[in-house]
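*Asks:* Mind looking at a prediction? Sequence and model below.
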Amino acid sequence: MAEREGAARWRLEPAPAAEPRLAGWRVDEALPWPAPRAVPIGRNDGRAVWRIEPAAPGRAPLYAKLFERGARAVAAREEESLRACARLGLPAPRLVATGRARNRSLLVVEELAGRPLDEALAELAGGARRPLLRAVAATIGAMHGCGVVHGELWAWHLLVEGTRAAVIDWAQARIAPKPRRAPRNGRARDWAALFATLDRARLTLAERARMLAWAEPDRAERRRLALAIRAARGELFAKARLPRPLAVVDRGDATGRVVVERRVAQRWSCATAVDAAESWLAPAEATVVRRRDGRENLRWNAPPGEAGATWFGKRFERAPWRGRAPAFQEWVNGRALAAAGIAVPECVAVARVERGASVLWTRGVAPGATLRELLPTLARDDLRRRALLLEAARVARRLHAAGFVHRDLYLDHFLLEAAPREPRERLVVIDHSRVAWFKTLPARARTKDLAALEFSARAAGASRAERWRALLTYARGDRRAARRYVAAALAKAARIAAHERRHGRPAPAA
């Protein structure tokens with residue numbers, strides 16, 4: 001009797017050329033598959049996913065997506081997208097069956113062989129990555145050539161095996177009514193989403209340019225596409241739609257939230273999210289390095305499970321006036337800069353409690369000296385001194401080229417890191433709490449960052465020739481543009497110096 005009621009509740013429709021095993025399914029409670037063979041994978045936004053082990057040996061496992069009330073339109077879009085992919089010959093999961101039951105919808109697809117792209121790239125280096133990246137570029141190019149835009153092409157939605165790549169999770173896809181090339185903005189959104197989930201350590205700037213060249217042979221169109229990708233990546237950040245990394249554990253409830261790196265969470269346990277947030281906000285082992293304007297800078301030597309390491313924290317006492325907690329805002333800003341190719345410290349944990357206090361913990365950077373501390377110790381004729389100043393100018397150029405402004409770009413916020421894989425020393429940018437993105441960078445925002453560099457370089461003892469050479473590097477050798485930047489930066493730096501003197505702080509002369 002229960003089986004007849006369950007069968008009447010669910011109406012299953014096998015897809016064309018589906019295997020006949022659907023007829024052998026038994027209904028257990030309200031779901032059309034045997035419960036012992038169904039393993040829950042995840043639940044989010046009114047959707048639940050199960051992995052169903054095959055009843056017969058040699059068959060591919062199935063994935064079932066259950067869409068609850070309010071998500072039936074999403075289910076219809078994904079079903080339409082999967083049928084279109086089968087019609088166009090695109091590498092996507094094969095639809096096995098669909099189901100309807102009152103206000104719920106069900107999609108059943110076959111499992112695709114392969115691993116997520118971000119995991120595969122982490123284990124490859126050098127020339128071994130090129131065939132894999134070429135296959136990914138070919139898959140994306142074929143998808144866009146058919147007029148298909150995925151909509152959420154995160155790195156974990158690309159499954160790779162050998163030199164083959166396939167795309168999963170088509171709920172947000174848009175498909176042109178006629179086979180034609182997808183619009184440039186849609187293609188840019190897909191590329192921007194992919195690059196946003198792969199920082200420079202996983203996918204270098206040269207590899208990104210190479211993938212675009214493989215997918216788009218026309219150089220002029222590729223340049224226009226690159227500009228559209230920059231704008232789309234900034235919109236992801238501005239709309240707070242940057243994907244959360246899979247390498248974190250997120251726990252929260254009505255009174256607190258904590259996000260911890262997975263390898264740290266394996267060595268740490270807590271009963272509730274509130275206990276977790278409280279323990280991360282003010283650990284007894286941490287020392288306060290600086291306290292100013294409702295913020296505390298913390299230092300934690302030898303944290304649990306990482307002997308010899310040092311973590312640095314920034315604790316905010318006040319609740320946010322609007323928007324997210326300050327520590328979470330800085331976490332999101334750091335991810336946005338990393339996606340744009342800017343080196344930032346590695347985040348360990350970010351936590352918040354109901355009363356508004358929040359904290360961000362990052363791993364220490366070695367050797368960790370700031371440019372403001374290092375430059376006065378180097379001789380005027382030391383080539384390293386010039387190289388560090390020019391590298392700071394290059395970082396500022398990359399930051400502005402991506403549409404971001406730091407708003408506090410002093411030499412104190414550049415940390416020196418000895419990068420083993422790079423020929424020159426790398427500069428890590430810290431203090432991202434005021435980072436903002438603009439589709440068209442305002443002149444006053446650029447001037448503020450350049451004036452901060454000019455003011456702090458002057459305070460560190462940099463000569464006028466060294467400061468001019470740095471601004472010339474920022475302007476890519478364009479002397480006319482460099483003179484314009486110098487005039488604006490000097491005027492703003494003079495106002496900064498006057499402000500410092502009014503508040504009793506020393507300021508260098510021009």
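*Replies:* That came through, no problem.
*Asks:* Report the separation between A277 and V353.
*Replies:* Distance, A277 to V353, using Cβ to Cβ, to the nearest Å: 5 Å. Where you see a C-beta, it was placed from the backbone N, CA and C, and this is true even at glycine.
*Asks:* Now for the two: what residues contact both?
*Replies:* Contact criterion Cβ atoms under 8 Å, 6 or more residues apart in numbering; residues bridging A277 and V353 by contacting each: G256.
*Asks:* residue boundaries of the helices in the stretch 301-450 of the chain?
*Replies:* 326-339, 371-374, 383-401, 443-459 (DSSP state H, counting those that start in this stretch).
*Asks:* buried sites along stretch 370-381?
*Replies:* Using 16 or more other Cβ atoms under 10 Å as the burial criterion, the residues of stretch 370-381 that qualify are T370, L371, R372, L374, L375.
*Asks:* next one: it to chain centre, how far?
*Replies:* The chain centre lies 33 Å from the centre of stretch 370-381; the measure is Cα atoms, centre = their mean, to the nearest Å.
*Asks:* Contacts for it, please.
*Replies:* For stretch 370-381, contacts defined as Cβ under 8 Å, 6+ apart pick out 384-385, 388-389, 392, 410-416, 427, 456-457, 459-463.
*Asks:* Can you measure across it, start residue to end residue?
*Replies:* End-to-end distance of stretch 370-381 (Cα to Cα, to the nearest Å): 20 Å.
*Asks:* I'd say L388 and E417 touch.
*Replies:* No: at 11.8 Å, L388 does not count as touching E417 under the criterion of Cβ atoms under 8 Å.
*Asks:* and S463, how many neighbours?
*Replies:* The tally of other residues near S463 (other Cβ atoms under 10 Å) stands at 12.
*Asks:* go on, the one 5 residues further on?
*Replies:* Using other Cβ under 10 Å, W468 has 15 other residues around it.
*Asks:* shared neighbours, L388 and E417?
*Replies:* Listed as contacting both L388 and E417 by Cβ under 8 Å, 6+ apart are E425, L427.
*Asks:* more crowded one of these two?
*Replies:* Using other Cβ under 10 Å as the criterion, L388 and E417 rank with L388 on top: 22 against 19.
*Asks:* which residues touch that one?
*Replies:* L371, L374, L375, L378, L416, E425, L427.
*Asks:* As a check, name the ranges of all strands in the stretch 1-150 of the chain.
*Replies:* Assigned strands in the stretch 1-150 of the chain, in chain order: 11-14, 38-44, 47-52, 62-67, 95-101, 104-110, 115-116, 148-149 (criterion: DSSP state E, counting those that start in this stretch).
*Asks:* Distance to A128, mean pLDDT and mean neighbour count added to the ones you listed, as a markdown table?
*Replies:* Shown next, in a markdown table, are the strands of the stretch 1-150 of the chain (distance: least, Cβ to Cβ, whole Å; pLDDT from 0 to 100; neighbours: other Cβ atoms under 10 Å):
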| stretch | distance to A128 | mean pLDDT | mean neighbour count |
| --- | --- | --- | --- |
| strand 11-14 | 41 | 54 | 14 |
| strand 38-44 | 30 | 73 | 11 |
| strand 47-52 | 30 | 80 | 17 |
| strand 62-67 | 29 | 82 | 21 |
| strand 95-101 | 34 | 77 | 19 |
| strand 104-110 | 29 | 82 | 22 |
| strand 115-116 | 14 | 88 | 16 |
| strand 148-149 | 29 | 91 | 23 |
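*Asks:* right, so of these, which gets closest to V344?
*Replies:* Nearest to V344, of all the strands of the stretch 1-150 of the chain, is strand 115-116, at 22.8 Å by Cβ to Cβ.
*Asks:* gap between that closest one and the chain center?
*Replies:* Remark: strand 115-116 is offset 17 Å from the chain centroid, using Cα atoms, centre = their mean.
*Asks:* in its sheet, what does that strand sit against?
*Replies:* Paired neighbours of strand 115-116 in the sheet (DSSP bridges): strand 158-161 (antiparallel).
*Asks:* With just CA atoms, put the helix or strand following the strand it pairs with into PDB.
*Replies:* Sequence-wise, the next helix or strand downstream of strand 158-161 (DSSP states H and E) is strand 164-167. Provided in PDB are the C-alpha atoms of strand 164-167 (Å, rounded to 0.1, in the frame of the first residue of the first chain):
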ATOM      1  CA  ARG A 164      38.900  15.700 -21.400                       C
ATOM      2  CA  ALA A 165      36.800  18.300 -19.600                       C
ATOM      3  CA  ALA A 166      33.100  18.300 -18.800                       C
ATOM      4  CA  VAL A 167      30.800  20.900 -17.200                       C
END
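*Asks:* Give the partner strands of the following helix or strand past strand 164-167 in its sheet and their orientations.
*Replies:* On the C-terminal side of strand 164-167, the nearest following helix or strand under DSSP H and E is strand 174-175. Looking at strand 174-175 with DSSP bridges, its partner strands are strand 148-149 (antiparallel).
*Asks:* Contacts for the partner strand, please.
*Replies:* 81, 84-85, 88, 90, 143, 173-176, 182-183, 186-187, 189-190.
*Asks:* that older thread, for A325, find the nearest of the strands of the stretch 1-150 of the chain.
*Replies:* Closest among the strands of the stretch 1-150 of the chain, using Cβ to Cβ: strand 38-44, at 21.6 Å.
*Asks:* Quick one: list the elements packing against the closest one.
*Replies:* Where contact means 3 or more Cβ pairs under 8 Å, 6 or more residues apart in numbering; DSSP states H and E, strand 38-44 is packed against strand 47-52.
*Asks:* Parallel or antiparallel, list what pairs with the strand it packs on.
*Replies:* Its sheet considered, strand 47-52 pairs with strand 38-44 (antiparallel), strand 62-67 (antiparallel) by DSSP bridges.
*Asks:* Make CSV from those and add distance to R51 to it.
*Replies:* Shown next, in CSV, are the strands paired with strand 47-52 (distance: least, Cβ to Cβ, whole Å):
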stretch, distance to R51
strand 38-44, 5
strand 62-67, 6
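*Asks:* what about E261, distance to A138?
*Replies:* On the measure of Cβ to Cβ, E261 and A138 end up 34 Å apart.
*Asks:* Check P91 too.
*Replies:* 10 Å.
*Asks:* again, but for L117
*Replies:* 14 Å.
*Asks:* got it, and E285?
*Replies:* Separation of E285 from A138 (Cβ to Cβ): 51 Å.
*Asks:* follow-up on the earlier one: with distance to I342 as added columns, please give the strands of the stretch 1-150 of the chain in JSON lines.
*Replies:* JSON lines is the format used below for the strands of the stretch 1-150 of the chain (distance: least, Cβ to Cβ, whole Å):
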{"stretch": "strand 11-14", "distance to I342": "49"}
{"stretch": "strand 38-44", "distance to I342": "29"}
{"stretch": "strand 47-52", "distance to I342": "34"}
{"stretch": "strand 62-67", "distance to I342": "36"}
{"stretch": "strand 95-101", "distance to I342": "41"}
{"stretch": "strand 104-110", "distance to I342": "38"}
{"stretch": "strand 115-116", "distance to I342": "24"}
{"stretch": "strand 148-149", "distance to I342": "27"}
